[in-house]
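1. sequence below, structure please.
(one chain, ligands or ions: 3)
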Amino acid sequence: MRTTVGWRADGPATTLRKASLRRRDLRPGDIAVRVDHCGVCHTDLHAVRAPREAGASVVPGHEFTGVVTETGAGVTRFAAGDPVAVGNIVDACGTCAMCRAGQENFCHEFPTLTYGGTDRHDGSATLGAYSREYVVRDRFAYPLPAGLDPAAAAPLLCAGVTVWEPLSALGVGPGTRVAVAGLGGLGHLAVKLAVALGAETTVITRSAGKAGDARRLGAHDVLISSDPDRTAGSRDRFDVVIDTVSAPHDLAPYLRLVAMDGTLSLVGHLGQVTLQAMDLLVGRKKLSSAGSGGRPGTAALLDFCAAHGVTADVEVLPSARVNEALDRLERNDVRYRFVLDLSDLS
Ligand SMILES: NC(=O)c1ccc[n+]([C@@H]2O[C@H](COP(=O)([O-])OP(=O)(O)OC[C@H]3O[C@@H](n4cnc5c(N)ncnc54)[C@H](OP(=O)(O)O)[C@@H]3O)[C@@H](O)[C@H]2O)c1
Ligand SMILES: [Zn+2]
Ligand SMILES: [Zn+2]
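-> Ligands and ions are numbered 1, 2, ... in the order given. Next up is the predicted model:
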């Protein structure tokens, strides 16, 4: 085993403390990555704040960039010194229909998550990238395209790919009318990507103060969700609504905005939802969801972002300020993604 340093919440604690962490020795197909930047996803906040048994712990972090420091004997895709990016999946069975289709995120054996998962080979619990080093199977690391800022690119690996996959699967492009609900980490990347794909893009936010930012990000229109006149006037207006809202909420107001045969893609709060079938029936509307991405989709996203200059709007903080980042994320005080600089753990 090798050791590194990271940020961990132990037992019932709802904040992170610096801790020494163990990483596995490299298997033939593994690479070791020096983690330079890791985004702070709302899922990390859910994970840190979730009730935990005494003795259980979590090291969050599942969208990161860094540099390869070592390669296993069988690795040919990477060499020491290569810049890489890793997202929220670090392994999958590789043989099921989903894996064969390049949708490892839907692996029938469930993909191994970057943290809070169980390693397929040794059964250990995976520890996330709020740490200085990560050991990962090379298939689940991606070359970081030249020209993408490593700090601003880190959020592409979870927030970005999570909204990219539904945008691609739903055929968003020129002429598509897209709305993005919730202007946070996922939402602001959904706006940038939809705009770059050529879609007519609208932001739906409960925060009137974000309207200017929404336009700066490229949105053509902004709906303040508390304004009943504007939302009523937008009934049946959008072919695709990407819902990134992080809290439980009623889907009816969002379904009302979906055009006939259009789709509401729920990628934010992933829990039980209630809805009236009539809200789908009237207009033959579709309800869908998505999460993370497969290997081909993730690689395609990185290529697209390199070609179109798309990265996240980030506030970079030394990792020692991670608890402050989580507190501010909880208060919706982020424009639009915190990224931890892990170099203070050296
Ligand atoms: N599907 C997946 O695989 C996947 C991947 C990553 C994250 N997630 C989940 O996606 C959600 C968003 O993550 P994120 O990192 O983008 O979070 P975030 O940066 O906190 O953004 C969430 C946004 O939702 C809106 N919002 C929050 N509470 C709300 C409420 N009570 N009512 C209405 N709007 C509200 C806010 O936007 P406005 O201020 O504009 O209203 C907020 O900025 C989280 O639940 C996260 O766990 C899912
Ligand atoms: Zn995430
Ligand atoms: Zn599989």
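
2. quick one: is stretch 97-117 near ligand 1?
-> No: counting by CB under 6 Å from any ligand atom, ligand 1 has no neighbours in stretch 97-117; the shortest distance is 8.0 Å. The C-beta positions use only the backbone N, C-alpha and C, and glycine is treated the same way.

3. CA atoms only: put stretch 113-131 into PDB for me.
-> Only the C-alpha atoms of stretch 113-131 are listed here, as PDB (Å, rounded to 0.1, in the frame of the first residue of the first chain):
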ATOM      1  CA  LEU A 113     -17.800   5.000  -8.100                       C
ATOM      2  CA  THR A 114     -14.700   7.200  -7.500                       C
ATOM      3  CA  TYR A 115     -15.600   7.400  -3.900                       C
ATOM      4  CA  GLY A 116     -18.000   5.500  -1.700                       C
ATOM      5  CA  GLY A 117     -17.800   2.600  -4.100                       C
ATOM      6  CA  THR A 118     -16.300  -0.900  -3.700                       C
ATOM      7  CA  ASP A 119     -13.200  -1.900  -5.700                       C
ATOM      8  CA  ARG A 120     -14.100  -4.800  -8.000                       C
ATOM      9  CA  HIS A 121     -10.800  -6.600  -7.300                       C
ATOM     10  CA  ASP A 122      -9.900  -6.200  -3.600                       C
ATOM     11  CA  GLY A 123     -13.300  -5.200  -2.200                       C
ATOM     12  CA  SER A 124     -11.900  -2.000  -0.600                       C
ATOM     13  CA  ALA A 125     -13.900   1.200  -0.300                       C
ATOM     14  CA  THR A 126     -12.900   3.800  -2.800                       C
ATOM     15  CA  LEU A 127     -11.700   7.100  -1.500                       C
ATOM     16  CA  GLY A 128     -12.200  10.300  -3.600                       C
ATOM     17  CA  ALA A 129     -10.000  12.900  -5.000                       C
ATOM     18  CA  TYR A 130     -10.000  15.500  -2.200                       C
ATOM     19  CA  SER A 131      -6.500  14.100  -1.800                       C
END
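
4. residue contacts, the residue of the stretch 151-300 of the chain found nearest ligand 2?
-> Ligand 2 sits closest to Cys158 of the stretch 151-300 of the chain, with a gap of 3.3 Å, by CB to the ion. If you count contacts by CB atoms under 8 Å, 6 or more residues apart in numbering, Cys158 has them with 39, 41, 43, 62-63, 87-88, 292.

5. can you tell me which of those is nearest Gly187?
-> Distances from Gly187 to these, taken as CB to CB, are shortest for Cys41 (12.6 Å).

6. distance of that closest one relative to ligand 1?
-> As defined by CB to the nearest ligand atom, to the nearest Å, Cys41 lies at a distance of 5 Å from ligand 1.

7. so for that residue, what's the nearest residue that isn't a sequence neighbour?
-> Cys158 (5.2 Å; CB to CB, 6 or more residues apart in numbering).

8. looking at that neighbour now. What's its pLDDT?
-> Residue-level confidence at Cys158 comes out at 98, pLDDT.

9. got phi/psi on it?
-> Note on Cys158: its backbone torsions stand at phi -120, psi -70 [degrees, to the nearest 10].

10. tell me which residues in the worst-scoring helix or strand of the chain on mean pLDDT are buried?
-> Averaged element by element with mean pLDDT, DSSP states H and E, the chain has its least confident helix or strand at helix 228-232 (a mean of 84). For helix 228-232, a neighbour-count test (16 or more other CB atoms under 10 Å) marks Thr231 as buried.

11. after that helix, next one along is what?
-> Per DSSP states H and E, helix 228-232 leads on to strand 238-243 as the next helix or strand towards the C-terminus.

12. which residue does the stretch 101-250 of the chain bring closest to ligand 1?
-> Nearest to ligand 1 in the stretch 101-250 of the chain, going by CB to the nearest ligand atom, is Gly184, at a distance of 1.8 Å.

13. packing partners for the least confident helix or strand of the chain?
-> In terms of contacts (3 or more CB pairs under 8 Å, 6 or more residues apart in numbering; DSSP states H and E), helix 228-232 is packed against strand 221-224.

14. show residues contacting the host helix or strand of Asp213.
-> Using DSSP H and E, Asp213 sits in helix 211-216. Around helix 211-216, the neighbours that count as contacts under CB under 8 Å, 6+ apart are 183, 188, 191, 203, 205, 222, 224, 335-336.

15. residue in the stretch 151-300 of the chain with the shortest distance to ligand 3?
-> Here the residue of the stretch 151-300 of the chain nearest ligand 3 is Gly294; by CB to the ion that distance is 10.1 Å.

16. gap between that residue and Arg139?
-> Relative to Arg139, Gly294 is positioned 11 Å away (criterion: CB to CB, to the nearest Å).

17. ok, the two, which is more surrounded?
-> Between Gly294 and Arg139, counted using other CB atoms under 10 Å, the more crowded position is Gly294 (22 against 15).

18. give me the pLDDT value at the more buried one.
-> Per-residue confidence for Gly294 comes out at a pLDDT of 98.

19. write out the residues of the stretch 201-346 of the chain neighbouring ligand 1.
-> Residues of the stretch 201-346 of the chain lying close to ligand 1 (CB under 6 Å from any ligand atom) are 205-207, 210, 244-247, 249, 267-270, 291-292, 329, 332, 334.
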